[in-house]
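Participant: Prediction below, plus the sequence it came from.
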Amino acid sequence: MAITRLTDIITVFDSKWTYGDVKFGYDGEVNQDHDTQYPLMLVTPPESIIPEIYNGREEYSFEINFYNLYSQAAQSVVTLQKRWDNLQDLSNEWLDMVLKNYQDVTVEAYLNDESISIERIKDTKNDKLVQIKLVFTMSAFTKCFRPVSSYPTDIENLEVWLRADSGLTFDIPTKRVSDWGDGSGNSNDIVQATVANQPLRYGYGGQEDKAYLNFDGINDLMTSSNNLPVTTDFTIFEVSRIDAVSNNVFGWNDGAASISIGTDANGYFSTTVNDGTSELTTNTAIDNQASNHIGVLKKNNKTINLEYYDSSNSITTTDNDSGFNNSFEFNTATFDVGSLNTSNFLNGQLQEVIIYNRALSTTEIADVRGYLNLKYKIY
C-alpha cells in the first residue's frame, strides 16, 4: 500500500488544474499581488484526522475555491450565470481527473461518500470575481502505525548519531550551536566553545525542508568531546550539501594518519583513509558541488568503498592497497565535523552524521541509507 502524504496529494491537485494558477494558501491571499492568472484554484490548508491509526488512513477535509473574473466589460458578452456554470464545469472536471489519478490499486486515496458540497459565492475580493467553493473529505493512506521502519539504532556497533533536528544546544537569537548531542546513547557529543566558530542551526529550509546546520567555510567547525570511537574498520554516513571545492564534512587527523570526507580540488565528492604511510582514496569523478546528497564511506580491511547518491547520480567506487596497515586503529584522536584539522572548512549545510565501529554489510548499509532517503528524499 503506497504512502500518500499531504504533499503528494497537493502535487496531484496542482498537476490536474491546467486552466490557470494554483495556490496552496489562505482565502485572504487571493490576488494580493494583482498578478493572478485566472481561472484560479486555491487549495486551503486542510484539517485532518486519523480515525483508524492501525489502518493508517488519514481523512483530509479540503476546501477548494475556484475563482474567475467577471469584469464590467464581460457583462455585455456573457451572463453571470454562464460564467459561474463554466467555472463549475472546470472544477468538476478537475475533481474527476484527480479521482482518476487514484484509480491505480497501488495508491489508496478516495473521496468519502456524501462528503462533497458546492457553494456559489458572489462579489468577492478586490476584483469582481465569480467563485465556486468545493468542500469534500478525502481518505488517503498516510502511515501504518506499527514498528516497520529501520533506524540506525537497530544495527549493532552504532557509535555516533548526529541529527540536525535533535539534541542541539544553540542560542535562539543568533542560531549559533555550541553542542551537538549524540543520539546513539554513547555520549559522543561534538562541541564548539568559541562563538565565532560555531555553525548556525536552522529548524527548516534544508533538504526536504528539514533542519540543518550551516557552516560558513571560513572557521566554523565542531570537535568531538571524545576520541573517534572506531578501531580498524568503520562505516560513516553523512547527509549534506557542499558548496565549494576542497571542503570537509568530516575529518580525523593524528600525525600523518587521517580520514576525510568532502570535496577535492575538482569539486568531486571524495573520501580518503590514511594509516600514516599508505593512503586509500575514492571520488565520484564528477563535480558534486551544491548537491544535496547521501555519502557513505566504508573501510573493510585494506579496502575502502564510497557510495554517493544525489537526485541524479548513484555512484559507487572502491580503492584497495595490499600494503595498507590493517591493524592501525583510528581511535587515538578526536574528530571534526566541518573541517579537517582546522583546515578545508565546510561551506554548506549538514543534516546528519552516523558512525559505526565496523564495516557494515551491503544489506545493513542499504537499511541505513533507506532510513536517510525516506527522511530527506535525496533520490
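Facilitator: It's in. Numbers count the residues shown, from 1 in each chain.

Participant: Show me where the stretch 51-200 of the chain dips below the pLDDT cut-off.
Facilitator: Within the stretch 51-200 of the chain, the set of residues satisfying pLDDT under 70 comprises 53-54, 71-77, 105-107, 114, 118-128, 143-148.

Participant: residue ranges of the helices in it, please?
Facilitator: Under the criterion DSSP state H, counting those that start in this stretch, helices of the stretch 51-200 of the chain are mapped to 80-101.

Participant: likewise the stretch 251-379 of the chain?
Facilitator: With helices called from DSSP H, counting those that start in this stretch, the stretch 251-379 of the chain shows them at 362-376.

Participant: Low-confidence ranges, it, go.
Facilitator: Ranges of the stretch 251-379 of the chain meeting pLDDT under 70: none found.

Participant: what about 90?
Facilitator: 374 (pLDDT under 90).

Participant: any idea how far Phe13 is from Asn112?
Facilitator: Computed as Cβ to Cβ, to the nearest Å, the Asn112 to Phe13 distance reads 16 Å. All C-beta spots, glycine's among them, are computed from the backbone N, C-alpha and C.

Participant: quick one: which of these two has more around it?
Facilitator: Using other Cβ atoms under 10 Å as the criterion, Asn112 and Phe13 rank with Phe13 on top: 21 against 13.

Participant: which residues pair with the closest residue to that one other than its chain neighbours across the strands?
Facilitator: Computed as Cβ to Cβ, 6 or more residues apart in numbering, the closest residue to Phe13 that is not its neighbour in sequence is Val43, at 5.7 Å. Legend: beta-bridge partners of Val43 under DSSP bridges are Phe24, Ile64.

Participant: what's the pLDDT at Val43?
Facilitator: Here, the pLDDT recorded for Val43 equals 95.

Participant: list the contacts for it?
Facilitator: If you count contacts by Cβ atoms under 8 Å, 6 or more residues apart in numbering, Val43 has them with Ile10, Phe13, Val22, Lys23, Phe24, Gly25, Phe62, Ile64.

Participant: my read: the fourth one touches Met41, true?
Facilitator: Yes - in terms of Cβ atoms under 8 Å, Lys23 counts as a neighbour of Met41; the distance is 7.4 Å.

Participant: okay, the two: which has more neighbours?
Facilitator: Higher neighbour count among Lys23 and Met41: Met41, with 24 against 17, using other Cβ under 10 Å.

Participant: can you pull the contacts of that one?
Facilitator: Phe13, Trp17, Tyr19, Gly20, Asp21, Val22, Lys23, Ile64, Asn65, Phe66, Ser91, Trp94.

Participant: could you flag which of those are buried?
Facilitator: The neighbour-count test (16 or more other Cβ atoms under 10 Å) marks Phe13, Trp17, Tyr19, Val22, Lys23, Ile64, Asn65, Phe66, Ser91, Trp94 as buried among the contacts of Met41.

Participant: Could I get these in a markdown table, plus columns for distance to Leu350?
Facilitator: Shown next, in a markdown table, are the buried ones among the contacts of Met41 (distance: Cβ to Cβ, whole Å):
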| residue | distance to Leu350 |
| --- | --- |
| Phe13 | 34 |
| Trp17 | 38 |
| Tyr19 | 43 |
| Val22 | 34 |
| Lys23 | 33 |
| Ile64 | 39 |
| Asn65 | 41 |
| Phe66 | 43 |
| Ser91 | 45 |
| Trp94 | 41 |
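
Participant: Now Gln207. Nearest residue, chain neighbours left out?
Facilitator: Closest residue to Gln207 apart from its sequence neighbours, by Cβ to Cβ, 6+ apart: Asn292 at 4.2 Å.

Participant: Backbone dihedrals for that neighbour, please?
Facilitator: Main-chain torsions, Asn292, degrees, to the nearest 10: phi -60, psi 130.

Participant: Contacts only, for it.
Facilitator: Counting by Cβ under 8 Å, 6+ apart, Asn292 touches Gln207, Val239, Ser240, Arg241, Asp310, Ser311, Gln349, Tyr376, Ile378.
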